[in-house]
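**Student:** Sequence and predicted structure are below.
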Amino acid sequence: MLVVATILTGGLFPSQPTLSYRSTIPVDGRIFGDQTLMNGFAASSQNLIATVAGGAGPGGVAVNSVTGRIYIALQLSNTISVVDSFSNTVIASIPLGASPSAISLNPNTNLIYVTLPSLNVTSVINGSSNTVVATIHVGSGLRRVAVNPNTNRIYVTNGLSNTVSVIDGSSNSVVATIQVGIPFGVAVNPATNTVYVTNGGTLNKVTVIDGSNNSITTTIPVGSPMAVAINSNTNMIYVANVYGNILIVINGSSNAIVASVPVGFHPVAVAANPNTDRIYTTDLYGNSVSVIDGSSNTVVATVNMADPSAVDLNSSGNTVYATNYNSDLLSIMDGSSNTIVATVLLGFGPSNLDINPATNKIYIADISAGKVSVINGSSSGIITVVGVGGGPDGIGVNNATGRVFVANSISNSVSVLDGSTNSVIATIPASSTPQGVAVNSKTNRIYVTLPSANKTMVIDGSTNSLLASVTVGSDPVAVTVNPVTNKAYVMNFDANTTSVIDGSTNTVVATIQLGFSPASAAVNPTTNKIYVTNPNGNAVAVIDGSTNNLTGSISLAFAPGDVGINPGTNKIYVTGPSANSISVIDGSSNNVIATVPVGFDPTALAVNFATNTVFVANFYADTISVISGSTNTVTSTINIFTPGDFVISSSPASFSFTVASSGSSTVTAQSVNRLNGTLTFSASISPLVTNGPTASFIPANPVLPAGGSGASTLTVSATTSTPAGTYAVTVTASVGSIKHVTALSVTVTDFTLSLTTPSPSVIIVGGYAAAVLSVSSLGFSGSVTLVVSVSPIVTNGPTASASTSSVLLVSSTTVKVTISISTTVSVPLGSYLISVTGSSGPVSHTVSVSVIVQGSGDGSGGGGHFFVK
C-alpha cells in the first residue's frame with residue numbers, strides 16, 4: 001500500500017500575495033511552493049510518498065524504507081544530504097550544481113528524483129552510488145515531483161507552464177504533458193493509478209488524473225490546497241488548507257469531501273501512515289506537528305518543534321521525519337508515542353571562503369547563519385564574526401584594497417566589508433539571487449553571477465556601484481578572473497558553456513562549449529589556463545585562455561566541488577564533498593599527485609599562495625582544514641561552529657498589583673546562533689513568607705525557533721492573606737542543558753484601616769460620640785469606599801456615619817475620616833459594635849470598636865438594657 005504526501009514552501013499562488021515564511025526564506029524563481037517525495041516498498045507492501053517544502057535550510061525530504069536512507073534537499077548549499085536512519089547520521093552529500101527543491105524516490109529502482117527549478121530540470125540520482133545519472137528537461141517553474149513505483153512513472157508539476165510532465169522512469173524521457181490549472185502539489189495512489197494535483201490561484205481545486213491514459217477525470221474545489229497525501233488502504237486523500245488551518249479529507253472512491261479537521265497554524269505539509277491510519281501535518285507558524293486519527297478525523301496529539309516544514313515517514317517502523325526549516329535539523333519522531341527521539345544536524349556550516357594573502361586573513365561565508373567569520377591565517381584563530389545579508393554564498397577579496405565582497409543570496413545584495421575594520425561599509429543591491437563572486441584586484445572590478453537572471457554584475461570597487469550587467473548563458477553559478485588578461489570566465493551550468501567577458505568593454509567576447517554542466521572554476525594567470533569542475537563526469541576540464549579551447553580533462557575518483565590554484569607552484573586543488581578529501585593536481589602534467597583527507601563535506605577552498613597554504617571549508621563539520629602546500633598534509637583544523645544559545649528578557653521588569661489579584665510580565669527568549677528547542681520556565685520568589693505570592697507561566701513550554709524567539713506570560717498572584725511588600729522574582733528559562741535567568745521586582749500593594757476608641761466611649765442616651773478612622777496605604781493607590789455599620793440592629797438603635805463615603809489614597813499616605821455615632825432618648829441601653837469596611841475592587845478590610853450607651857444619672861431613659869458580648 002502507498003501513502004502520498006505534499007508539502008508547501010516558498011512562493012505560493014501567483015494571484016495571491018507571496019508569503020515569506022521566515023526572514024531567511026528566499027522567494028524567487030529558484031524556490032517554488034511544496035515539493036513531492038516518495039518512499040516505501042513495492043505496491044504489495046507498505047509504501048510512502050510525500051511532498052516536501054524547500055527553503056533556506058533543509059527542504060524536501062524522502063525516506064527509502066528498503067535501504068533505510070533519508071534524502072534531504074539543501075537548497076542553499078545545492079546538495080542532497082543522505083542520512084542513515086539506523087545511526088541518524090549524515091553519511092553522504094551529493095552536489096547538484098543548482099538549488100534542489102522537490103524530491104521523490106522509487107524504492108523499486110532505488111532512483112531519487114530531484115527538481116532544480118532554476119534550470120527547469122529534474123535530476124535522477126542513483127541511490128546506490130549517490131551520483132547523478134540523468135538530467136531531464138520538463139516544463140517551466142517546477143513545483144513538485146511524485147513517483148508511481150508500479151508503473152515507473154514520475155509526475156512533475158510545472159507552475160509557470162500550468163502543466164504536469166509525465167516521465168517514463170525506464171527511459172528518463174517525458175512521455176506526456178497534461179494541461180492543468182496552476183499546479184503545485186502532486187501525489188499518486190499506485191493502487192488506483194490515480195494522480196492528485198493541487199491547483200492554486202483562483203482555481204483552488206484538486207485535479208484528479210487517470211494515470212493509465214493521462215486524462216483529467218474530475219476537479220474537486222477545496223479552498224486553498226497546498227499539501228496532499230493519500231492513504232491507499234482507506235483510499236482517503238488528505239489536503240492541507242494552508243490559509244484555513246484545516247485538513248480536508250476526500251473519499252477517493254466518490255471524490256467527495258467527507259471531513260474538515262482543524263489543525264495548527266499554517267499547515268504546509270502532510271503525510272499519512274497506512275499501518276496506523278495516522279496523518280501528520282506540519283504547522284509551520286504554529287511550531288508544531290498535528291497528529292490526526294484517520295478513523296475519527298480528530299487531532300489526537302500535537303508535537304511541538306521549531307519551524308516544521310517537510311514531513312515523511314517510514315510506515316514499517318512507525319517513524320516520522322520532519323525538517324526544521326530555520327534550524328537546519330531533521331527531527332525524528334516516534335509515531336507510537338508522538339515524541340521526538342532524535343535530531344540530526346544538517347547543512348549548518350561554511351559555504352564559501354577567500355583569502356587576502358597580504359594580511360593572511362581568511363574570510364568564510366556561513367550561508368545558514370548569515371555571517372562571515374574572519375580568521376587569522378597565522379594563528380588559525382577566529383578574529384571576529386561579521387553579520388552580513390541573508391544567505392551569504394559567494395565571497396571574494398580584493399588583495400589591493402583589502403575589501404571583501406559577499407553575495408547574499410537571500411537578501412539579494414552584495415555586502416562590502418572593510419578588511420581593516422572587519423565591518424560592513426556598503427551594501428550593493430542585486431536584481432536577483434547573487435551567487436558567484438570574483439575580484440580583479442588590478443582593475444578593482446568585482447564580478448557577481450545572477451543565476452536566475454542569466455546575468456553577471458560588474459561592480460566598480462572604488463565607488464561600490466554597478467557598472468554593467470552582462471547577459472551570459474543560462475544559470476551562471478560561478479565566475480573566475482584572470483587579472484593578467486583582464487578576462488572573466490562565467491560558468492553557465494544549464495547552458496553547458498563558459499562565457500568569456502572582456503573586462504575592458506564588459507562584453508562577452510567568446511562562448512566556450514563544454515559539453516557538461518560546469519559548477520566552479522579557477523584561473524592560473526601564469527599559465528593562462530582555466531580549470532572547470534565537471535561534477536557529473538567526475539572530472540576537471542582544462543581550458544587554454546589564449547585560444548578558449550578545451551585542451552584536456554583530468555579524471556577524479558569523486559564528483560568535484562570547488563577548485564583553487566596556487567600559480568606559484570602550479571598546483572590545482574579540488575574538493576571532493578562526497579569523499580571528504582582534496583585532490584592535488586600537478587598543473588604541468590595534469591596528474592593527481594596527492595589525496596588529502598579533510599573534514600566532512602568539503603564544499604569550498606581558498607589558496608594563500610604567499611604562504612603556500614590551502615584552507616578548506618568542511619560544511620557539515622563546521623570546520624576549516626588547513627593544508628600545507630609543501631607537504632600536502634593537514635596541519636591544523638579550525639572549529640568555526642559557535643554553540644547555540646539564547647538570551648532572556650522580561651517586559652515589564654517590574655510591576656505591582658493589589659492583594660487578591662495578580663500581575664503579569666512577558667518573558668521572552670531570543671535564539672542566538674540558531675539555537676532551537678522547547679523552552680521550560682520556572683520562577684522562585686523571595687522572601688518566602690506564609691501565604692506569599694505564587695507564579696505561573698502560560699504557555700509552560702513554548703517553542704524556541706532557530707533565529708527566532710519564544711515567549712511565555714508570567715503571572716504572579718496574591719490572595720487576600722498575602723502580606724503586602726516588594727518581592728524578588730527570579731525566572732529561569734532552559735532549553736535542554738542551557739539555562740539563563742532574569743530578575744523581576746513585584747510589589748503587592750494593600751491598605752489598612754484603624755479606628756480610635758470613640759470619645760466618649762460611654763454615651764448617655766440622646767448623646768453622641770466620635771472616632772477617627774485612619775486609612776493607610778501600603779503601596780496602594782486608588783479609591784477606597786467606606787461603609788459604616790452598627791450591630792446589633794435594634795429599634796431606635798444608635799446610628800453611625802463617616803464624614804466621607806470614599807477616600808483617594810496615594811502610595812504610602814494616610815487619610816483620616818471622622819466616624820460620628822448618634823443616639824436618641826429612645827435608644828436601648830447596652831453595648832454596640834461600630835464597624836467600618838473599606839473596599840477597593842477585590843480588596844476589602846473591616847475594623848470595629850465598641851461603644852456603651854447608658855441612661856441618665858437617675859437611671860431613667862432608654863428602651864431597655866442589653867450588652868454585646
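**Tutor:** Yes, it's here.
**Student:** And the residue nearest to N639 when sequence neighbours are not counted, how close does it get to V672?
**Tutor:** Sequence neighbours aside, T623 is the residue nearest to N639 in space, at 5.5 Å (criterion: CB to CB, 6 or more residues apart in numbering). C-beta: built from backbone N, CA, C; applies to glycine. Here the criterion is CB to CB, to the nearest Å. By it, T623 lies 21 Å from V672.
**Student:** Show me which of those two is the more surrounded one.
**Tutor:** Higher neighbour count among T623 and V672: T623, with 21 against 15, using other CB atoms under 10 Å.
**Student:** Identify the residue nearest V124 in space, chain neighbours excluded?
**Tutor:** A134 (4.0 Å).
**Student:** Please identify the helix or strand for T157.
**Tutor:** Taking DSSP states H and E as the criterion, T157 maps to strand 153-158.
**Student:** Partner strands of that strand, with direction?
**Tutor:** With DSSP bridges as the test, strand 153-158 is paired with strand 142-148 (antiparallel), strand 163-168 (antiparallel).
**Student:** quick one: contacts of that strand?
**Tutor:** Defining contact as CB atoms under 8 Å, 6 or more residues apart in numbering, one finds that strand 153-158 is touched by 36, 102, 104, 106, 113, 115, 120, 122, 138-148, 163-169, 180, 183-186, 188, 195, 197, 211.
**Student:** Quick one: buried ones out of these?
**Tutor:** Buried subset of the contacts of strand 153-158 (neighbour count, 16 or more other CB atoms under 10 Å): 36, 102, 104, 106, 113, 115, 120, 122, 138-139, 141-148, 163-167, 169, 180, 183-186, 188, 195, 197, 211.
**Student:** now the strands for the stretch 251-400 of the chain?
**Tutor:** 256-262, 267-273, 278-283, 288-293, 298-304, 308-314, 319-324, 329-334, 339-345, 350-356, 361-366, 371-376, 381-387, 392-397 (DSSP state E, counting those that start in this stretch).
**Student:** looking at these, which has the lowest confidence?
**Tutor:** In terms of mean pLDDT, the lowest-scoring of the strands of the stretch 251-400 of the chain is strand 339-345 (a mean of 74).
**Student:** hang on, the earlier thing: touching, the residue nearest to N639 and G599? I think so.
**Tutor:** Yes - using CB atoms under 8 Å, T623 is in contact with G599, at 4.7 Å.
**Student:** which residues do these two both contact?
**Tutor:** When contacts are counted by CB under 8 Å, 6+ apart, T623 and G599 are jointly contacted by T637.
**Student:** still on that earlier bit, turn the strands of the stretch 251-400 of the chain into a markdown table, including mean neighbour count and distance to S409.
**Tutor:** Shown next, in a markdown table, are these (neighbours: other CB atoms under 10 Å; distance: least, CB to CB, whole Å):
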| stretch | mean neighbour count | distance to S409 |
| --- | --- | --- |
| strand 256-262 | 15 | 37 |
| strand 267-273 | 32 | 22 |
| strand 278-283 | 29 | 24 |
| strand 288-293 | 22 | 29 |
| strand 298-304 | 16 | 30 |
| strand 308-314 | 31 | 18 |
| strand 319-324 | 27 | 19 |
| strand 329-334 | 22 | 21 |
| strand 339-345 | 15 | 21 |
| strand 350-356 | 26 | 9 |
| strand 361-366 | 26 | 10 |
| strand 371-376 | 21 | 14 |
| strand 381-387 | 14 | 15 |
| strand 392-397 | 27 | 4 |
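**Student:** Nearest to T747 among those would be which one?
**Tutor:** strand 298-304 (34.2 Å; CB to CB).
**Student:** So what touches that closest one?
**Tutor:** Contacts with strand 298-304, where a contact means CB under 8 Å, 6+ apart, come from 261-264, 278, 287-293, 333, 338-340, 678, 701, 703.
**Student:** relative to strand 142-148, how tilted is the helix or strand Y196 falls within?
**Tutor:** Assigned by DSSP H and E, Y196 belongs to strand 194-199. Angle between the axes of strand 194-199 and strand 142-148 is 170 degrees (criterion: axes from the mean of the first three to the mean of the last three CA atoms, to 10 degrees).
**Student:** which outside residues touch the helix or strand that strand 194-199 is followed by?
**Tutor:** Toward the C-terminus, strand 194-199 is succeeded by strand 205-210 as the next helix or strand (DSSP H and E). Strand 205-210 has contacts (CB under 8 Å, 6+ apart) with 164, 178, 180-181, 183, 193-199, 215-222, 225, 228, 237, 239, 250, 255.
**Student:** elements contacting the next helix or strand along the chain from strand 205-210?
**Tutor:** Counting by DSSP H and E, the element after strand 205-210 in chain order, helix or strand, is strand 215-221. Using 3 or more CB pairs under 8 Å, 6 or more residues apart in numbering; DSSP states H and E as the contact test, the elements touching strand 215-221 are strand 205-210.
**Student:** List the buried residues of the strand it packs on.
**Tutor:** Residues 205-209 are the ones in strand 205-210 that count as buried (16+ other CB under 10 Å).
**Student:** Also stretch 609-619?
**Tutor:** Within stretch 609-619, the residues scored as buried using 16+ other CB under 10 Å are 609-610, 612-619.
**Student:** now for these, which pair is the farthest apart?
**Tutor:** Greatest spatial distance among the buried residues of stretch 609-619 (CB to CB): A610 and F619, at 26.1 Å.
**Student:** Report all helices and strands that the longest strand seen in the chain contacts.
**Tutor:** When the chain is parsed with DSSP state E, its longest strand is strand 738-755. The contact analysis (3+ CB pairs under 8 Å, 6+ apart) places strand 738-755 against strand 645-651, strand 654-658, strand 662-672, strand 725-735, strand 768-778, strand 830-840, strand 843-854.
**Student:** Just after the fifth one, pick out the following helix or strand.
**Tutor:** Taking DSSP H and E as the definition, the helix or strand that follows strand 768-778 towards the C-terminus is strand 782-791.
**Student:** ok and that following strand relative to strand 654-658, angle-wise?
**Tutor:** Here the directions of strand 782-791 and strand 654-658 differ by 20 degrees (the same axes, to 10 degrees).
**Student:** From the contact counts, what lies against strand 782-791?
**Tutor:** Counting by 3+ CB pairs under 8 Å, 6+ apart, the packing neighbours recorded for strand 782-791 are strand 768-778, strand 799-802, strand 806-809, strand 814-822, strand 830-840.
**Student:** so where's the stretch 51-200 of the chain uncertain?
**Tutor:** Applying pLDDT under 70 to the stretch 51-200 of the chain picks out residues 51-59, 76-77, 97.
**Student:** tell me the contacts of H266?
**Tutor:** Contacts of H266 by CB under 8 Å, 6+ apart are 21, 242, 245, 283-286.
**Student:** Same list (the residues you listed) but as JSON lines, adding distance to N536.
**Tutor:** Formatted as JSON lines, the contacts of H266 follow (distance: CB to CB, whole Å):
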{"residue": "Y21", "distance to N536": "32"}
{"residue": "V242", "distance to N536": "36"}
{"residue": "N245", "distance to N536": "43"}
{"residue": "D283", "distance to N536": "38"}
{"residue": "L284", "distance to N536": "34"}
{"residue": "Y285", "distance to N536": "39"}
{"residue": "G286", "distance to N536": "41"}
